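A.B. asks: Need coordinates for the following:
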Amino acid sequence: MRLMDGSSAADVPVELEGVDQPTVLTLVRVVRGAKRKPETASASCLRGRNWGIRAAGPSVERVGVYSESVTFRQEPRQGIFGCDNSPGPREESRRWCSGAYGTLYSGHLRDPRLDIICQATDGSLIGFVWVEPSPGTRFVAVAQPEYTEVYEVAGGLPVRVATTSRVDAETSSAVFDISEHDAAGKLLRSYELRAQVAG
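C.D. replies: Coordinates of the predicted model:
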């Protein structure tokens, strides 16, 4: 299977306990601040939106089948922010179709900051949220209709994940079927994350 950037998805290095569907490993890159060259997704996210805040530490870039995201920690570590992207239409041919910001309370988010503005090529909505994995988690798996997307924990930041199903525009909500696994693939927990657009 191919990812949104046209690259072939790598195999998940371990078998994930409790995951019965085919798995697709998403791409992840941790980009140090000094290495944010103009052509990187991280630099594009910072340029493309007037955040009015500064990034602290590394950023995490992710590419899935129908999604792309960048996550930053805010200086001085009061929040996290970033950009979301999808292959569908967007205003004025912008590089990113949306973005999100979340305030940290004692180092944690109070809600996952659901974003449902981005679209797939067929016009259906894509939902994005941040997941704060439990200690020991190496892989966060999100069930899609025909496969499960797998995200590696990286950079000490919450994991920005996406779903192409169970997104409801009328209620501004989305449901994510998530499981968390350790480095050997052992199931640590599974749960249904119901998220609402903050407002």
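A.B. asks: C-alpha from now on. contacts and neighbour counts both.
C.D. replies: Will do.
A.B. asks: List the residues that contact R47.
C.D. replies: For R47, the contact set (C-alpha atoms under 8 Å, 6 or more residues apart in numbering) is empty.
A.B. asks: Just give me the neighbour total for P38.
C.D. replies: 11 (other C-alpha atoms under 10 Å).
A.B. asks: Give me the pLDDT value at R138.
C.D. replies: Note on R138: pLDDT of 98.
A.B. asks: export the lowest-mean-pLDDT helix or strand in the chain as CSV, just CAs?
C.D. replies: Using mean pLDDT, DSSP states H and E, helix 41-48 stands out as the lowest-scoring helix or strand of the chain, at a mean of 90. Output in CSV follows, covering the C-alpha atoms of helix 41-48 (Å, rounded to 0.1, in the frame of the first residue of the first chain):
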residue,chain,number,x,y,z
ALA,A,41,7.0,19.7,6.2
SER,A,42,7.9,21.2,9.6
ALA,A,43,9.2,24.5,8.1
SER,A,44,6.2,24.7,5.7
CYS,A,45,3.8,24.3,8.7
LEU,A,46,5.5,27.1,10.6
ARG,A,47,5.6,29.4,7.5
GLY,A,48,2.1,28.7,6.4
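A.B. asks: Go through it and flag the buried ones.
C.D. replies: A41, S42, A43, S44, C45, L46 (16 or more other C-alpha atoms under 10 Å).
A.B. asks: Quick one: name whatever helix or strand follows that helix.
C.D. replies: Next helix or strand after helix 41-48 toward the C-terminus (DSSP states H and E): strand 54-63.
A.B. asks: helices or strands next to that next one in the packing?
C.D. replies: strand 27-31, helix 41-48, strand 68-75 (3 or more C-alpha pairs under 8 Å, 6 or more residues apart in numbering; DSSP states H and E).
A.B. asks: which residues sit in contact with A198?
C.D. replies: R113, L114.
A.B. asks: Roughly how far does it sit from G136?
C.D. replies: Distance, A198 to G136, using C-alpha to C-alpha, to the nearest Å: 29 Å.
A.B. asks: from memory G155 sits against E61, does it?
C.D. replies: No: counting by C-alpha atoms under 8 Å, G155 does not reach E61; the two are 9.8 Å apart.
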